[in-house]
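One predicted model, sequence on top.
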Amino acid sequence: MSDFQRIFVVSAQAGDADVERLRRRLGASVRVLTAPTAEAKRVVEALRFDPVPEVALAPVRFPDGDRGHRLDGLVRRHAVEDRYRDLVVVADPATLTLLLRVLAPDQLPEGGPVTEVGLPRGPRPVPLNRAAVGGVALGFVAGVLSGVVPFWVLPVLVVLAGLVLLLVPGRRHVGQALLIATGVAAVVMLFSVAGSSRFPGSW
């Protein structure tokens with residue numbers, strides 16, 4: 001199942017209230033591309049993120065025919081560097097109009113100074129190495145605590161947390177990692193039980 005990377009196209013003429021609303025919508029990881037103009041600088045400073053100035057976003061009086069495609073390529077290049085962060089583009093309205101015609105030709109402008117565009121992306125990959133290490137640790141901790149609580153309690157709690165996170169957009173990879181870790185923990189506990197039965201008193 002695919003989701004979308006959010007790209008916010010922001011006019012350099014956006015008001016303070018519009019910028020503040022956008023700032024509250026942004027995630028923790030954000031890249032801000034900005035035209036090297038005083039108007040764009042005001043918006044970027046209000047967003048409170050470090051900007052990446054791009055000369056290609058500067059306004060031009062007579063844009064050539066492929067300017068929209070060059071802007072689209074610029075934005076997509078920054079987007080694919082990290083498909084799991086928000087991208088903000090700040091420029092003058094004319095530049096943004098050209099960008100949106102190519103970046104999102106099927107999407108009408110939202111009528112305000114901020115337009116959100118979604119670029120399709122695949123699901124976030126599951127961190128298999130961390131899941132395996134976490135599973136070994138979980139199996140060990142469950143074994144150590146088995147004298148206090150039943151050995152299955154901790155893995156069941158982790159499974160429940162994983163199932164809940166599977167339903168949360170953007171956190172499915174964490175839920176999958178927790179379920180994998182529980183499977184690894186089960187294998188670890190089986191081996192430890194088998195080892196303790198062969199060598200009583202080793203666990």
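Done, it's in.

Name the SS class of the residue positioned nearest the centre of the chain, please.
Nearest residue to the geometric centre of the chain (C-alpha atoms, centre = their mean): residue 84, 2.9 Å. What DSSP: H, G, I helix; E, B strand; the rest coil gives for residue 84 is coil.

you'd agree it is up against residue 28?
No: applying C-beta atoms under 8 Å, one finds residue 84 not in contact with residue 28, separated by 10.5 Å. Bear in mind the C-beta positions are built from the backbone N, C-alpha and C, glycine included.

Using CSV, list the CA coordinates for the one helix or strand residue 129 maps to.
Taking DSSP states H and E as the definition, one finds residue 129 inside helix 128-144. Extracted in CSV, the C-alpha atoms of helix 128-144 (Å, rounded to 0.1, in the frame of the first residue of the first chain):
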residue,chain,number,x,y,z
LEU,A,128,15.0,-5.7,10.1
ASN,A,129,18.3,-5.4,11.9
ARG,A,130,16.9,-3.5,14.8
ALA,A,131,13.9,-5.8,14.9
ALA,A,132,16.1,-8.8,15.2
VAL,A,133,18.3,-7.3,17.9
GLY,A,134,15.2,-6.1,19.7
GLY,A,135,13.7,-9.6,19.5
VAL,A,136,16.8,-11.2,21.1
ALA,A,137,16.7,-8.6,23.9
LEU,A,138,13.0,-9.1,24.4
GLY,A,139,13.4,-12.9,24.6
PHE,A,140,16.2,-12.5,27.2
VAL,A,141,14.2,-10.0,29.3
ALA,A,142,11.1,-12.2,29.2
GLY,A,143,13.2,-15.1,30.4
VAL,A,144,14.8,-13.1,33.2
